[in-house]
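Engineer: Starting from these lines, generate the structure:
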Amino acid sequence: MSAAGSGEVRLPKTMKVKNKQPAHRQITAEQILREAKEIQLEDDFKAPKTIITDPEELAEYRLKKRKEFEDNVRRVGRWNHTIWIKYAQWEESQKDFRRARSVWERAIGCDYRNVTFWLKYAEMEMRHRFVNHARNVWDRAVSVLPRIDQLWYKYIHMEEMCQETAKARLIFDRWVAFEPDHAAWMAYIRFELRYGEVDRARAVFERYVDVLPSVKAWVRYAKFELQHNNVAGARSCYERAMAALGEDAHTDNFFLRFAEFEEMVKEIDRARAIYKYALDHLPKAAAQQLYTRFVAFEKQHGSREGIEDVVLSKRRFTYEQEIADNPLNYDAWFDYIKLEESTGNHDKIRDVYERAVANLPPGNEKRFWRRYIYLWIKYALFEELDAQDGDKAREVYRAALKIVPHASFTFAKLWLLAAKLEIRTKRLPAARKILGLALGTCPKDKLFREYIQLELTLGNIDRCRALYEKYLEWNPANAQAWLKYAELEVLLAESGRARALYELAISQPVLDMPEALWKAYIDFEIAQGNRDRVRVLYDRLLDRTKHVKVWLSFARFEAEPLPQPEQAEDDQADRRPPPGEGNSTAELAARAAHARSVYQRGFDTIRQSSPDAKEEAVMLLEAWRDFEAKCSEFRRRDEVAAAVAAVEKKMPKRIKRKRPISSEDGSIMGMEEYYDYVFPEEAGAAPNLKLLEAAMRWKRQKIMQKNDESGIDSAAAAAAAGDSNAAQQGRDDEQQAADAAAGEQQQQQQRPEQQEDDQQYDDN
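Structural biologist: Residues are numbered from 1 along each chain as shown. Predicted coordinates for the structure are as follows:
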């Protein structure tokens, strides 16, 4: 059977690509799409024109188009509203208004909420002057969709174009019955004004503010009255708005419009009153624009006092805003109080003070109360100094003292100011009662000191002693209290009592400043002129501490004569110093011997008790050396030189060493250099020092060898050493000597015996 008879289809023979190399010109998909788009833009396709020559062709054309539109309507008409509009407009273009109305009615039946259908339908009727049909369409539209303002506007506009004013007014009445927004009411009012119906417009305004009672409506009503020269009516509108709206009328916009109206009609006092009323009743955060306008108003119409008052009001507003954001911002309260005090209005100042002190700190920690308590202090000082009301100031102090939690902490300043107020008003018993209550409730050092100073000023010594006893009973570790008590007895020439107090003080197990107490006791005995007692005190002090400053002070005391008490001029001529306190050679030598023994004792004690305190020992030796050098007034020069040389022999050598730097975890981070002192008695245990001396000798020998080889005299070489190059060479030689010494030291440290000696020296 043939292939054709069997029904088989023969495919063309597959062509094989002979050359599989890429083409020289590559074409991408993007390029193909771009070229296709360009071809579409270049070819401006135009539908062919159809020329109809007889009624049969016209009927055929209409039948074809209607069939196309009907097919599209059936297919996508329910959700594609453009099909209906095109269908109806085509029927309108064919002057077949009956069919066009039918299409519009079908479209509205499909979706009656589509505003475009109603607008296009009515506009078709209006274009072809079918007024009744258009009126019927508009009437149906506003009945079905009464909340669509555009339909009402178009309906009213058509009636106005047809000069049917009465019908337009009826449409407006139907519209406002649905209580539309402000724009509809204003359109109704403008409609009445276009035809000169002012009374009708006023009646519409009355309905407007009744249906929509708002600031916007009342302000428009007032502007309407003002435009028609009815000032009383405009003012009545603002006043009625205040009564009708109540709190809703308290807005910056309403008060601004009201004040601007009064300003416009030249009622300056009324405008100022409105501004002030608004600023007093509006929230501060919502009155910024009102403040700005009020400032401009006062600058234009007010006096200097009025302008200053406005500026103060603006600053007052700023402070009110700050304290509203944070009532515990006491700095803002201080600034606010300062502002009110500048005005001099005592009632306002008291009001701000009361508001400020009502904001208690958040916790019972003193750091929160430090700024707060100054509000009470300033309040009391204001009442006393500015208001001249002592009773009120006393009440303020009492209230402040009741608020402070004295069980946790107290403020001595508050108690003292309250007591000083009583003293200024000559009520001494009341002041003592306040201070006694303070000491019984929450004793403090400052309270004791001020109370004692008060009684001392009044000359009540017995009360001072009683207070000091209470003070020391409460805080026996306070060295300053012991000092002041003893100083009081010294001023009263009660040496026995003062000495007993000093003895009690130094016998206390705990003192905050014992060194000050010992110094005062020693100075007291020195002033009494009793050298033996002073020596005993120094010995007792040295039993407690071996500090180098005590030894230095002891030595200076032994070397100097005791001060003589002041006498009258007649007595000074006949008075002689006590034995041992004069300036004779024997007396000077005796005091110097005592001082020298103190230096020797101090040096021996420091070296024995604290071998590591080398700097203190050096300090003592330097003071000793200076002392010996000053003894030339009563000793021969050779003796002075011998004494100085003896002290010099005790002086240590200052050497540089290295030690490791350890981190927090114990690892060694590096080495650091430090200076150490080697005393003569330690030289035998310091082989490293001998090693350094050998290195210095080696260095000097090397320098001498170089000078001999160059044929230069050693003296000339020393003279030429001032050159910078020679100085640099000398530093290099020193470095080499130090390196050699370090190498020798390393070799010696490898020996076990030497390592043990070095370890012992380092431990010391």
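Engineer: So for the residue nearest to the spatial centre of the chain, what's the pLDDT?
Structural biologist: Geometric centre of the chain, nearest residue: residue 329, 12.5 Å, by Cα atoms, centre = their mean. At residue 329, the model reports a pLDDT of 89.
Engineer: is it true that it touches residue 323?
Structural biologist: Yes - contact criterion Cβ atoms under 8 Å: residue 329 and residue 323 qualify, at 6.2 Å. Where C-beta positions appear, they are placed from N, C-alpha and C, glycine not excepted.
Engineer: Provide the backbone phi and psi angles at residue 537.
Structural biologist: When quoted as degrees, to the nearest 10, the phi and psi of residue 537 stand at phi -60, psi -40.
Engineer: Tell me the secondary structure of the nearest residue to it once chain neighbours are set aside, please.
Structural biologist: Nearest non-adjacent residue to residue 537, counting by Cβ to Cβ, 6 or more residues apart in numbering: residue 522, 5.3 Å away. Here residue 522 takes the helix state, with states given by DSSP: H, G, I helix; E, B strand; the rest coil.
Engineer: which phi and psi does residue 673 have?
Structural biologist: Dihedral pair for residue 673: phi -90, psi 150, per degrees, to the nearest 10.
Engineer: Give the full set of residues in contact with it.
Structural biologist: By Cβ atoms under 8 Å, 6 or more residues apart in numbering, the contact set of residue 673 is 656, 657, 658.
Engineer: Can you lay out these as JSON lines showing pLDDT?
Structural biologist: As requested, these are exported to JSON lines (pLDDT from 0 to 100):
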{"residue": "656", "pLDDT": "84"}
{"residue": "657", "pLDDT": "83"}
{"residue": "658", "pLDDT": "84"}
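Engineer: Compile those into JSON lines and extend it with columns for secondary structure, neighbour count and distance to residue 364.
Structural biologist: Shown next, in JSON lines, are the contacts of residue 673 (DSSP: H, G, I helix; E, B strand; the rest coil; neighbours: other Cβ atoms under 10 Å; distance: Cβ to Cβ, whole Å):
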{"residue": "656", "secondary structure": "strand", "neighbour count": "9", "distance to residue 364": "58"}
{"residue": "657", "secondary structure": "strand", "neighbour count": "13", "distance to residue 364": "56"}
{"residue": "658", "secondary structure": "strand", "neighbour count": "10", "distance to residue 364": "56"}
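Engineer: Could you single out the nearest of the residues you listed to residue 705?
Structural biologist: Comparing the contacts of residue 673 against residue 705 with Cβ to Cβ places residue 656 closest, at 27.3 Å.
Engineer: Just grab the bridge partners of the closest one for me.
Structural biologist: Residue 656 forms beta bridges with residue 675, as assigned by DSSP bridges.
Engineer: Ok, the one 4 residues further on next?
Structural biologist: Taking DSSP bridges as the rule, residue 660 bridges to residue 671.
Engineer: ok now do it, which residues does it touch?
Structural biologist: 668, 669, 670, 671, 672.
Engineer: From these, pick the one nearest residue 446.
Structural biologist: Once Cβ to Cβ is applied, the member of the contacts of residue 660 that ends up nearest residue 446 is residue 672, at 46.9 Å.
Engineer: And for the closest one, nearest residue in space, chain neighbours not counted?
Structural biologist: residue 661 (5.3 Å).
Engineer: wouldn't the one you found be in contact with residue 668 here?
Structural biologist: Yes - contact between residue 661 and residue 668 holds when scored by Cβ under 8 Å: they sit 6.9 Å apart.
Engineer: Look up phi and psi at residue 86.
Structural biologist: As for residue 86, its main-chain torsions (degrees, to the nearest 10) stand at phi -60, psi -40.
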